[in-house]
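Give me a 3D structure for the following:
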Amino acid sequence: MKVLLLVYSDLLKKEDFWEVFEKNVDILSRVIGIDSLYASVSSRFIEIFDRFPEICFINNLKDTPVFGAYKGLRKLRGNDVLIVDGGCPLSKDWIFQLINRVNVTVGMLKQRWAGIALVKMRELDYMVRSLEKNFEKGMLEAFHTLKNTYSVVTEFLDVDLK
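Reported below is the predicted structural model:
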């Protein structure tokens, strides 16, 4: 399993972004493993290279979560991928619940994407195609496209990430 952290410039508006991101990297490196961490980042995050040299970086040219997920998933084909929004606070319990799922699983928070999802290897190509169709939309629309267009079993679970 690989972890894809989505980092884009809208996250800089959050005051506690760096604290949340550092805590997430710490949790993910202990639960999943440091060799499995990838981050899709835009050019606005030059300091991330110095702060987190253990992460493998992927260039997010369009600086959006959808394009970052698209680039990252294309790179990580052949693996189950845990997609995590860089500004989403994580908990070990929720990660363990998510990785034990059989199908594509999307975390929901008040009818919005909660910032975490698990895409299984067998559905990865379909997810890439869904992201291609939703570059101008959001991540939740991409997951709905995955479910409705490609008939991939997708679970939408309510989560409490704090």
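
For the nearest residue to L5 once chain neighbours are set aside, pull up the helix or strand it's in.
Leaving aside its chain neighbours, L5 sits nearest to A39 (4.2 Å; criterion: C-beta to C-beta, 6 or more residues apart in numbering). (Glycine included, C-beta is placed from N, CA and C.) Under DSSP states H and E, the secondary-structure element containing A39 is strand 37-41.

Who are the packing partners of that strand?
Counting by 3 or more C-beta pairs under 8 Å, 6 or more residues apart in numbering; DSSP states H and E, the packing neighbours recorded for strand 37-41 are strand 2-6, helix 17-31, strand 56-59, helix 65-75.

least trustworthy helix or strand in this protein by mean pLDDT?
Considering only helices and strands, the least confidently modelled element of the chain by mean pLDDT, DSSP states H and E is helix 92-99, at a mean of 87.

how far out from the middle of the chain is that one?
Using C-alpha atoms, centre = their mean, to the nearest Å, the distance from the centre of helix 92-99 to the centre of the chain it belongs to is 14 Å.

again with stretch 4-21
Per C-alpha atoms, centre = their mean, the centroid offset for stretch 4-21 relative to its chain is 12 Å.

Perfect, that will be all.
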